[in-house]
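Asker: Let's see this in three dimensions:
(one chain, ligands or ions: 2)
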Amino acid sequence: MSKINVMVNGLPGNMGKIISSSIARDDRFQLLDASLTGPGIPDKAVEVEGISVNLALPEDHENALKAALEKYGSYIIVDYSHPSAVNPNAELYCKVGIPFVMGTTGGDRPALIQTVENSGIAAVIAPNMAKQIVGFQAMMEYAAKTFPGLFEGYTLTLVESHQQGKADTSGTAKAMVSYFNKMGVPFETDEIVQIRDPEQQKNDLGVPEEYLGGHGWHTYTLVSPDKTVKFSFTHNVNGRDIYRGGTADAVVYLSKKVAAGEKGRVFSMIEVMQGI
Ligand SMILES: NC(=O)C1=CN([C@@H]2O[C@H](COP(=O)(O)OP(=O)(O)OC[C@H]3O[C@@H](n4cnc5c(N)ncnc54)[C@H](OP(=O)(O)O)[C@@H]3O)[C@@H](O)[C@H]2O)C=CC1
Ligand SMILES: O=C(O)C1=N[C@H](C(=O)O)C[C@H](O)C1
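Answerer: Numbers count the residues shown, from 1 in each chain. Ligands and ions are numbered 1, 2, ... in the order given. Here you go, the predicted model:
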């Protein structure tokens, strides 16, 4: 079976490094020797598992995508870049005609979906590629659909902790808010409590020292109107390894959808995991 060509954008960032390495080591995929990077990156190339990956600055992004088409023919993009890049990168992918997996959070999410739906390509878009967290999301989606208003009158607190350099509020947390809203809890994403102070993370939360630079901790707490009942849901991720498997599954899934002729379609990670 021929390999799936994959361009990982967002090198030399945290996720760009870990995902490109994972793709390069997986014999289902061929990592492309080019990656779109950000304006602040001085390096011309980075080495990934023995592959010298050329880094294209924003002014060269379109040329880099087209050059990769010339060199590799078809390929799929995995984007783990920056919230500010979500919409412009997606617009460029759609303009050049490259299907993509968008792991980057933030940006204008309704506009992101509209861009793909108005295009001739397909995409997988998900704020969290960890399959177990996607499974939890699916449970929340089921509860919200099956028992709307379930937590009417309850109050929600949502606390998320990430590494100090994280550019945005947790996209995972924002996605979960919509399920609680459907279950009768009025809550706005600007009420999400973000913890970014390493000392607080280490001393108060108990984030292990070695993961202060890369973790994603989320706790959702619901308390009844008379305060006699409390529900708490927590998912704490240390490091970034957990995102590898879901990202690979999303690439394989999208490749099959492209081969089936899907155009103008956005797929979620729940659909990827259901294989539908
Ligand atoms: N879906 C999921 O499961 C997960 C999603 N994420 C998300 O992935 C994103 C990246 O996270 P992380 O790797 O930690 O962030 P980093 O800041 O470590 O890396 C981001 C990289 O992208 C570069 N960049 C900036 N603008 C562009 C652009 N227009 N095109 C390509 N690259 C660009 C940055 O360059 P510069 O330094 O110049 O800005 C930087 O090198 C975040 O949105 C995060 O929330 C993270 C983990 C899991
Ligand atoms: O920036 C991160 O690290 C993560 N970002 C994603 C998000 O914003 O939800 C997923 C995970 O929490 C890690």
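Asker: Going by C-alpha atoms from here, please, whenever you check contacts or count neighbours.
Answerer: OK.
Asker: Enumerate every residue touching the residue most central in space within the chain.
Answerer: Residue closest to the mean C-alpha point of the chain, counted by Cα atoms, centre = their mean, is Gly103 at 2.5 Å. Residues near Gly103 by Cα atoms under 8 Å, 6 or more residues apart in numbering: Val78, Asp79, Tyr80, Ile125, Ala126, Pro127, Asn128, Met129.
Asker: hmm, try it at 7 Å
Answerer: Going by Cα atoms under 7 Å, 6 or more residues apart in numbering, Gly103 touches Asp79, Tyr80, Ile125, Ala126, Pro127, Asn128.
Asker: now Val207
Answerer: By Cα under 7 Å, 6+ apart, the contact set of Val207 is Gln201.
Asker: how close does it sit to Ala248?
Answerer: To Ala248, Val207 is 27 Å away according to Cα to Cα, to the nearest Å.
Asker: Same check on Gly165?
Answerer: Distance, Gly165 to Ala248, using Cα to Cα: 25 Å.
Asker: and what of Gly107?
Answerer: 23 Å.
Asker: Contacts made by stretch 31-38 with the rest, please.
Answerer: 5-11, 23-24, 51-58, 61.
Asker: From the chain's centroid, how far away is it?
Answerer: Relative to the chain's own centre, stretch 31-38 is displaced by 18 Å; criterion: Cα atoms, centre = their mean, to the nearest Å.
Asker: Then stretch 201-210?
Answerer: The answer for stretch 201-210 is 24 Å, by Cα atoms, centre = their mean.
Asker: Quick check: end-to-end length of it?
Answerer: Distance across stretch 201-210, first residue to last, is 12 Å (Cα to Cα).
Asker: doesn't Gly106 make contact with Ser81?
Answerer: No. Applying Cα atoms under 7 Å as the test, Ser81 and Gly106 come out as separate, 10.5 Å apart.
Asker: Compare these two (neighbour count), which wins?
Answerer: Of the pair Ser81 and Gly106, Ser81 is the one with more neighbours under other Cα atoms under 10 Å, namely 25 against 20.
Asker: how far away is that one from ligand 2?
Answerer: With distances taken as Cα to the nearest ligand atom, to the nearest Å, Ser81 is found 10 Å from ligand 2.
Asker: what does Val124 give?
Answerer: Using Cα to the nearest ligand atom, Val124 is found at 15 Å from ligand 2.
Asker: Quick check: residues of the stretch 51-200 of the chain near ligand 1?
Answerer: Neighbours of ligand 1 within the stretch 51-200 of the chain, by Cα under 6 Å from any ligand atom: 58, 80-83, 85, 103-105, 126-130.
Asker: and if we set it to 8 Å?
Answerer: Taking Cα under 8 Å from any ligand atom as the contact definition, the stretch 51-200 of the chain meets ligand 1 at 57-58, 61, 79-86, 88-89, 102-106, 126-130, 165-168, 170-171.
Asker: of these, buried ones?
Answerer: In these, burial by neighbour count holds for 57-58, 61, 79-83, 85-86, 89, 102-106, 126-130, 170-171, counting by 16 or more other Cα atoms under 10 Å.
Asker: so of these, which ones are in helices?
Answerer: Residues of those located in helices (DSSP state H): His61, Val86, Asn89, Gly171.
Asker: out of the contacts of stretch 31-38, which are buried?
Answerer: Taking 16+ other Cα under 10 Å as the criterion, what is buried in those is 5-11, 23-24, 53-58, 61.
Asker: So which of the residues you listed sit within strands?
Answerer: Among those, the residues falling in strands (DSSP state E) are Asn5, Val6, Met7, Val8, Asn9, Val53, Asn54, Leu55, Ala56.
Asker: Need the per-residue pLDDT for the closest residue to the last one other than its chain neighbours.
Answerer: Take Ala56 and drop its neighbours on the chain: the residue closest to it by Cα to Cα, 6 or more residues apart in numbering is Leu36, 4.8 Å away. In this prediction, Leu36 carries a pLDDT score of 98.
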